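Engineer: give me a 3D structure for the following:
(4 chains)
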Protein chains: 2
Amino acid sequence: MYISPEDRTDALFHALADRTRRDILRRSLAGEHSVTALASAYDMSFAAVQKHVTVLERAGLLTKRRQGREALARGDVAALRSAAALLGELEAVWRGRIDRIDDLLAGEKAQGDAPAAANQATEE
Amino acid sequence: MYISPEDRTDALFHALADRTRRDILRRSLAGEHSVTALASAYDMSFAAVQKHVTVLERAGLLTKRRQGREALARGDVAALRSAAALLGELEAVWRGRIDRIDDLLAGEKAQGDAPAAANQATEE
DNA sequence: TTGACATACAACCTTTTGGTTGTATATTTA
DNA sequence: TAAATATACAACCAAAAGGTTGTATGTCAA
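Structural biologist: Predicted coordinates for the structure are as follows:
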């Protein structure tokens, strides 16, 4: 089934919003690890770690590969970069450099919002 | 009271993991808006929007300034950049360029984790 | 000095999250 | 083949999230 960009962004940042998951992601970015190997590093059940891996997987931050009886997880740097790109878009809004600002500003219902672009391009 | 770096990271990404909050942040990065002005843009109660603003505020992503009876919210680009920096650290782990990798890899309990650094620096 | 406006916040409700244990199934290995 | 290993997943639970309404309080305008 289809997943909207907003849904994927929700999933991305949600996946990153937990320290255990960030740590799992770090390890998986450094190299492949089986779920059991990952689980051994944390003070929680295997099933709990498995769920964290699933959350990361559904956010696209890691992929699993079957090898025999174990599932090897590896981080996907592309997803990481797309998260960074999203932050970059927000910073671009701050800079006021965006001209498709109306698209980004939830084009739907922009009622009663006069004030905009009150930033001067300080620093950098 | 003190808030650990991990707690702040949790708060940062958690704040970013909701589309309404991302939209509020976008508007606040583009310019100052009163909470009421922000609330008028969404199909939910004022109180709900107010809560979202509080979440963003506690994550450091925006600040509020009192002017008369209204509270003007403005996005803080520094927090946005610190989020980007965190993603950058993760990407650095992927690149294998990090030498303080042992610090980043949750130095505490690293039991039974042999495999690491299985990535070749592809692309770029 | 009353209203109207803008905010703050408590109390409450439902859904999601993050954890648990238990069970099932596939793959090794003895 | 039997036991051990690795994973998957269901069922359950407490706490947190995201929403609601209601109430209190400060500020502005008649």
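Engineer: for chain A, which segments count as helices?
Structural biologist: With DSSP state H as the definition, chain A shows helices at residue ranges A:5-16, A:19-30, A:35-39, A:46-58, A:77-95, A:101-104.
Engineer: CSV for those, including mean neighbour count, mean pLDDT and distance to residue B:70?
Structural biologist: For the C-beta atoms, the positions are set from N, CA and C on the backbone; glycine is no exception. Formatted as CSV, the helices of chain A follow (neighbours: other C-beta atoms under 10 Å in any protein chain shown; pLDDT from 0 to 100; distance: least, C-beta to C-beta, whole Å):
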stretch, mean neighbour count, mean pLDDT, distance to residue B:70
helix A:5-16, 19, 97, 29
helix A:19-30, 22, 97, 36
helix A:35-39, 19, 98, 49
helix A:46-58, 17, 98, 39
helix A:77-95, 18, 96, 22
helix A:101-104, 14, 62, 23
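Engineer: closest one to DNA strand C among the ones you listed?
Structural biologist: Distance to DNA strand C, taken as C-beta to the nearest atom of the strand, is lowest for helix A:46-58 among the helices of chain A, at 3.1 Å.
Engineer: for that closest one, packing partners?
Structural biologist: Contact partners of helix A:46-58 among helices and strands, from 3 or more C-beta pairs under 8 Å, 6 or more residues apart in numbering or on different chains; DSSP states H and E: helix A:5-16, helix A:19-30, helix A:35-39, strand A:62-67, strand A:70-75.
Engineer: wondering if that helix reaches DNA strand D at all.
Structural biologist: Yes - legend: contact between helix A:46-58 and DNA strand D by C-beta under 7 Å from any atom of the strand is shown at A:46, A:47, A:50, A:53.
Engineer: in CSV, list the C-alpha atoms belonging to that helix.
Structural biologist: Coordinates of each C-alpha in helix A:46-58 appear next as CSV, following Å, rounded to 0.1, in the frame of the first residue of the first chain:
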residue,chain,number,x,y,z
PHE,A,46,15.2,-10.0,22.5
ALA,A,47,11.7,-9.3,21.4
ALA,A,48,11.9,-5.7,22.4
VAL,A,49,15.1,-5.2,20.4
GLN,A,50,13.5,-7.0,17.5
LYS,A,51,10.6,-4.5,17.6
HIS,A,52,13.1,-1.6,17.5
VAL,A,53,14.7,-3.1,14.5
THR,A,54,11.3,-3.4,12.8
VAL,A,55,10.6,0.3,13.5
LEU,A,56,14.0,1.2,12.0
GLU,A,57,13.3,-1.1,9.0
ARG,A,58,9.9,0.4,8.3
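Engineer: between strand A:70-75 and that helix, find me the angle.
Structural biologist: On the basis of axes from the mean of the first three to the mean of the last three C-alpha atoms, to 10 degrees, helix A:46-58 is oriented at 50 degrees to strand A:70-75.
Engineer: hmm, who's touching helix A:46-58?
Structural biologist: Under the contact criterion C-beta atoms under 8 Å, 6 or more residues apart in numbering or on different chains, helix A:46-58 has outside partners A:11, A:14-15, A:18, A:20-21, A:24-25, A:28, A:35-36, A:38-39, A:42, A:62-64, A:73.
Engineer: let's see it at 7 Å
Structural biologist: Residues from elsewhere that reach helix A:46-58 (C-beta atoms under 7 Å, 6 or more residues apart in numbering or on different chains): A:11, A:15, A:20-21, A:24-25, A:35-36, A:38-39, A:42, A:62-64, A:73.
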